[in-house]
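Enquirer: with the input below, show me the fold.
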Amino acid sequence: MPGTVAIDCFPENVEKYRDGWVVVAVDVIRATTTAITGVAQGRRVFPVPTLEAVVALSATLENPLVVGELGGNMPYGFHMTNSPAELAARTDVERPMILVSTSGTQVIHESRQCAAGYVACLRNYKAQIRYLAGRYEKIAVIGAGSRGEFREEDQLCCAWIAEGLIAAGYRPLNRETEEIVARWSGAPPDAFAGSKSVEYLRRSGQLRDFDFILSHMDDLKTAFVFQNDEIVMVPERVRVPVAVKL
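Expert: Now for the predicted structure:
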């Protein structure tokens, strides 16, 4: 049975996909890259939508690492900003991580109301395709967005995931999905180097996160699912109902 894939953006649009849809949250710069990097370290990772949720959850965890940004700024009292490169260099993996961001963790949080919620970035986009293909009928790949814009890095990642699902037999939901896939099909990995997100990293002296993203393309062979308020690793399945050529 052929399925349907949609590309969309912004936390407020997740509610459109609550009726039987699976949502894949994408925030390449930087929430989903940071979250997946943490889980890949062996760390427990809890994405939350607000500062209030950070405070409430912190009281229930032992020595949590509080990570993130709001409006591009690290809130007072946090241990580090939303940096996958900085996180990857840490060795305190026994500490659970609480992550909040301007929009990425909100998309993840909103997916709780959908059939299932997954988390993807350029580290695991191919594994995400392989895991989802043939398992679900309706899949929405949703970029976080920033300052009212569907940023290029998220468009690219969403497009590559949707393109892989289309190759596996899924139909694009609408013309917008088709156009985004066409725009980024065959693009080089650094095609988003001119995005406003990368420019922000450059201005703020955080280009190591851009370098980290480019140097860790497709290096994780597992999918990641959001369940019980935590992101966890899903073992890669060898058997795929529909052939996926990646």
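Enquirer: how about stretch 64-83: buried residues?
Expert: 64-70, 74, 78-83 (16 or more other Cβ atoms under 10 Å). In this view, the C-beta of every residue, glycine as well, is placed from N, C-alpha and C.
Enquirer: I'd like these as JSON lines, with pLDDT appended.
Expert: Below are these laid out as JSON lines (pLDDT from 0 to 100):
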{"residue": "64", "pLDDT": "98"}
{"residue": "65", "pLDDT": "98"}
{"residue": "66", "pLDDT": "98"}
{"residue": "67", "pLDDT": "98"}
{"residue": "68", "pLDDT": "96"}
{"residue": "69", "pLDDT": "93"}
{"residue": "70", "pLDDT": "91"}
{"residue": "74", "pLDDT": "93"}
{"residue": "78", "pLDDT": "96"}
{"residue": "79", "pLDDT": "97"}
{"residue": "80", "pLDDT": "97"}
{"residue": "81", "pLDDT": "96"}
{"residue": "82", "pLDDT": "95"}
{"residue": "83", "pLDDT": "97"}
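Enquirer: out of those, which is nearest to residue 2?
Expert: residue 82 (37.3 Å; Cβ to Cβ).
Enquirer: hang on, that closest one in a helix?
Expert: No - in this structure, residue 82 is coil, not part of a helix, as judged by DSSP: H, G, I helix; E, B strand; the rest coil.
Enquirer: ok, it - contacts?
Expert: Residue 82 is in contact with 30-31, 34, 67-69, 74, 99, 101, counting by Cβ atoms under 8 Å, 6 or more residues apart in numbering.
Enquirer: repeat that with 6 Å
Expert: 30, 34, 68-69, 101 (Cβ atoms under 6 Å, 6 or more residues apart in numbering).
Enquirer: strands - which of those land there?
Expert: With strands defined by DSSP state E, the entries of the contacts of residue 82 inside them are residue 68.
Enquirer: with distance to residue 183 added, can I get the contacts of residue 82 in a markdown table?
Expert: Listed next are the contacts of residue 82 as a markdown table, based on distance: Cβ to Cβ, whole Å:
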| residue | distance to residue 183 |
| --- | --- |
| 30 | 22 |
| 34 | 26 |
| 68 | 30 |
| 69 | 28 |
| 101 | 25 |
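Enquirer: wait, which of the contacts of residue 82 is closest to residue 207?
Expert: residue 30 (12.1 Å).
Enquirer: now for the closest one, how many residues are close by?
Expert: 30 (other Cβ atoms under 10 Å).
Enquirer: for it, what are its contacts?
Expert: 82, 84, 209.
Enquirer: and residue 185, by the same measure?
Expert: Residue 185 neighbours (Cβ under 6 Å, 6+ apart): residue 163.
Enquirer: so which strand or helix has residue 95?
Expert: Counting by DSSP states H and E, there is no helix or strand that carries residue 95.
Enquirer: which helices and strands sit right next to the host helix or strand of residue 117?
Expert: Taking DSSP H and E as the criterion, residue 117 maps to strand 116-120. Identification of packing neighbours for strand 116-120 by 3 or more Cβ pairs under 6 Å, 6 or more residues apart in numbering; DSSP states H and E yields strand 22-26, strand 223-227.
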